[in-house]
Every structure is written in C-alpha cells, then in structure tokens.
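[1] structure of the sequence below:
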Amino acid sequence: MPNVDIVDLKRVDLRNAVVIDGFPSVGLVSSIVANYLIALLKMEYIAVLDSDAFPTLSLIRNGEPLGPARIYARPDLKEGEQQIAVFSTELQPSANLLRDIGTAIIDFAIAQRCRLVISAGGLIIEREEGQEPEKGEVAVYGIGSTEAAQDLLKKADAEPFVEGVISGTAGVLLNEGRRRGFDVVTLLAEASPDTADAGAAALILAAIDQMVLHMNLNVEPLCKEAERLEAQLKILHRDAAKKSKSVGGVETAYG
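    Got it, this is the predicted structure:
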C-alpha cells in the first residue's frame, strides 16, 4: 500500500490551528473552499505531501513550482486570530490512496497539536427530473467525530447528518477522528456534480466562519466568481488527471 509523507518547507507554529481538508469532492466544493481561504488569508506554502503513487507533475503559479498536494498556513498572526492550515490539491486521488491521505492529515494534525480538522464537501440529493430546491431549502449538513465536534456544529446552524454514507478522505477523517478521540467535522452542502459549485462552497465557508473564524466573511464575491472558478478548476483538475495516467509529458500553460 502506498504511503503518503509530509515534508516541511517552512516552520510555522500550528498549535491550536484548524486544519481544512481541501481534497476534491462533489462540485469541487472542497477545492473552492481551500482556494478561497488561501487567497483571502494570504496563506503561504509551508509543506508538501509526497507519495510514489502521485502523478509526476509540478503546478506552476506566479513562476513558482508547487507540488501536486500542498499545505498552506498563515505566516503572521495578530493577537486573537485563528491559525488555519489548508490542504490543497488538484489531484483526484485513486481509491487506494484515500486511506493513506486521510491518515496522513490526522497524523499531521495530532503531531502539530492542532485542535480540529474540518472537511468540506458536496452532497448529492436525489430529486425528480426538473425539480429544483426551493429558496431557503438548501442547507449545510454536518457530522462530528466526537461530542465536542458535534457541539461545534450547533454554532454553525448545521443540520445533523443522521443517516447516509460519507466517502473519500472525509470518511477516513471521520473514522480516524472517532477512533483516536480527535475532533473532526465534516460539512456538506447540496452541490451539482457537473460543475464547480461556488454557491455550495459559499454556504460551507459561512459555516466555517461561524464555527471558528468569526470574521463575518463576505461570500457574495465568491458566488459572482463562480464561472471563472469553474473554468480554472476544471482545467487544473483535467490536466492533473491526464498527468496521473502518463509517466511524462509536455507541460501545459495556464492563461
């Protein structure tokens, strides 16, 4: 089974930090949440996830080479501000990697003495053809790995996720959190599987803000940028998927 290692690039104090899982989910919700927080909080690239099973690619941004899976954090905090560590990637991990990735995130959070892991994701709700959710009907659903994590959800007005299946890294994180007594929260919002759903991401960002950031985030610009985000993320994810199926290749330039 392939292992996933985390290599530090810059030392940052992450004691009492909140970890955000940005591995891809339905509607790219987690990717949008991760990218929005990184830009908003001016976070820096502090560590890279490495595995022999990862595709051989480098993401170039502003002339800087970035690993296929990365960790970002806030380098300078003012008194009273919440430290955030964000896992971000353009990878769509294969099924045999999910357990290793989820375990690596929990191991990292415990080793760095972080206080909470939040996993954001999209939720597909079965509806009849042509049926759309009524205004105000779309909600954020949540589940916590511990009683303390479940209490946090009350601050976000999240609906309890009572019965169903949570897959991917989010499922691994919940199981590991329950097994180790570590606080993990999964937040889910109804999302379209065929597009980058910035609306669902905005709902989850608002919930994260209510729970831990307390910044009164203005998420309206995020909704307005939905088309640009969709185009950008689709290109990145598509190319990462192509690279994962090949050994080498010609680099792709992004405009």
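
[2] CA only for contacts and neighbour counts going forward, please
    Fine.

[3] quick one: low-confidence parts of this structure?
    Residues of the chain that meet the criterion pLDDT under 70 lie in 1-2, 26-27, 124-138, 192-196, 222-255.

[4] all strands for it, in order.
    In the chain, strands defined by DSSP state E lie at 5-8, 18-22, 44-50, 59-61, 64-66, 69-73, 84-89, 116-123, 140-144, 159-160, 184-190, listed in chain order.

[5] save these as TSV, and put in mean neighbour count too.
    Compiled in TSV, the strands of the chain are given as follows (neighbours: other C-alpha atoms under 10 Å):
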stretch	mean neighbour count
strand 5-8	15
strand 18-22	26
strand 44-50	20
strand 59-61	14
strand 64-66	12
strand 69-73	23
strand 84-89	26
strand 116-123	26
strand 140-144	24
strand 159-160	15
strand 184-190	27
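
[6] Serialize those strands to TSV and add fields for distance to A200.
    Formatted as TSV, the strands of the chain follow (distance: least, C-alpha to C-alpha, whole Å):
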stretch	distance to A200
strand 5-8	30
strand 18-22	14
strand 44-50	25
strand 59-61	26
strand 64-66	27
strand 69-73	22
strand 84-89	18
strand 116-123	7
strand 140-144	8
strand 159-160	15
strand 184-190	5
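
[7] show me where the protein has helices.
    Along the chain, the segments classed as helices by DSSP state H run 29-40, 95-111, 147-155, 168-180, 198-208, 220-224, 226-244.

[8] out of those, which gets nearest to F54?
    When the helices of the chain are compared by C-alpha to C-alpha, helix 226-244 sits nearest F54, at 7.1 Å.

[9] before we move on, back to that, what's the most buried one of the helices of the chain?
    helix 198-208 (a mean of 25; mean count of other C-alpha atoms under 10 Å).

[10] just list what that helix packs against, helices and strands only.
    Under the contact criterion of 3 or more C-alpha pairs under 8 Å, 6 or more residues apart in numbering; DSSP states H and E, helix 198-208 touches helix 29-40, strand 140-144, strand 184-190, helix 220-224, helix 226-244.

[11] if we use 7 Å, what do you get?
    Using 3 or more C-alpha pairs under 7 Å, 6 or more residues apart in numbering; DSSP states H and E, the elements in contact with helix 198-208 are helix 29-40, strand 184-190, helix 220-224.

[12] which outside residues touch the longest one?
    Read it as helix 29-40. For helix 29-40, the surrounding residues in contact (C-alpha atoms under 7 Å, 6 or more residues apart in numbering) are 22-24, 86, 88, 120-122, 196-198, 200-201, 205.

[13] turn the residues you listed into CSV, columns for distance to L57.
    Shown next, in CSV, are the contacts of helix 29-40 (distance: C-alpha to C-alpha, whole Å):
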residue, distance to L57
G22, 19
F23, 17
P24, 17
V86, 20
S88, 15
A120, 25
G121, 25
G122, 27
A196, 23
D197, 26
A198, 26
A200, 29
A201, 27
L205, 29
